[in-house]
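Asker: Below are the sequence and a predicted model for it; my questions follow.
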Amino acid sequence: MVRVTQAFVPVLERSATPVIVNVSSGMGSLGRTTNPERIESRIVGLPYRSSKSALNMITSQYAKAYPQMRINAVDPGYTATDFNAHSGPQSVEEGAEIIIRAAQFGPDAPTGAYLDREGTVPW
Ligand SMILES: NC(=O)c1ccc[n+]([C@@H]2O[C@H](COP(=O)([O-])OP(=O)(O)OC[C@H]3O[C@@H](n4cnc5c(N)ncnc54)[C@H](OP(=O)(O)O)[C@@H]3O)[C@@H](O)[C@H]2O)c1
């Protein structure tokens, strides 16, 4: 993610509406994975969760470094894809919604945020 971001920054700096959407997961949320009421707290897994938590911090730091850009992390939610043998209850269209929305953010939209379809995700 860092290599890709570094490669794109010079191009994004020439844009009137520069946007980065990092596709994170609720599995990277310390708030959700420690909340017994959330499904994210009921599955144990080290690499995926840790990498998504790291991606969240990468997002937060890039947002501070480039305040003229909209740089956010999004959680698509549990979505039926190859990744989970199509077990997710959401369609790909539903999962893609927040990704598309964040990709269309204008200059007044949030940056350094962690968002899903419902709103803000706890870090
Ligand atoms: N599905 C969920 O419930 C869920 C929930 C939260 C977050 N997410 C996140 O959403 C994102 C997409 O997941 P998904 O469910 O759509 O997974 P997926 O169905 O397994 O699709 C992953 C896609 O990534 C591509 N890919 C993998 N490694 C790559 C690489 N090194 N370079 C370029 N492309 C690569 C794959 O390409 P090929 O087909 O060519 O292999 C595939 O198109 C992931 O970041 C995942 O962590 C998913």
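Answerer: Arrived safely, thanks for sending.
Asker: what about the chain, any weak spots by pLDDT?
Answerer: In the predicted model of the chain, no residue satisfies pLDDT under 70.
Asker: just checking, what packs against the strand or helix carrying Pro10?
Answerer: Of the helices and strands defined by DSSP states H and E, Pro10 is found in helix 2-12. Counting contacts by 3 or more CB pairs under 8 Å, 6 or more residues apart in numbering; DSSP states H and E, helix 2-12 packs against strand 19-23, helix 46-65. In this view, the C-beta of every residue, glycine as well, is placed from N, C-alpha and C.
Asker: Is any residue of the helix or strand following the longest one near the ligand?
Answerer: Per DSSP H and E, helix 46-65 leads on to strand 70-74 as the next helix or strand towards the C-terminus. No - Strand 70-74 lies apart from the ligand when judged by CB under 6 Å from any ligand atom; the minimum separation is 8.6 Å.
Asker: about what we covered before: if you compare the helices and strands packed on helix 2-12, which one is most tucked away?
Answerer: Among the helices and strands packed on helix 2-12, the stretch with the highest mean neighbour count (mean count of other CB atoms under 10 Å) is strand 19-23, at a mean of 20.
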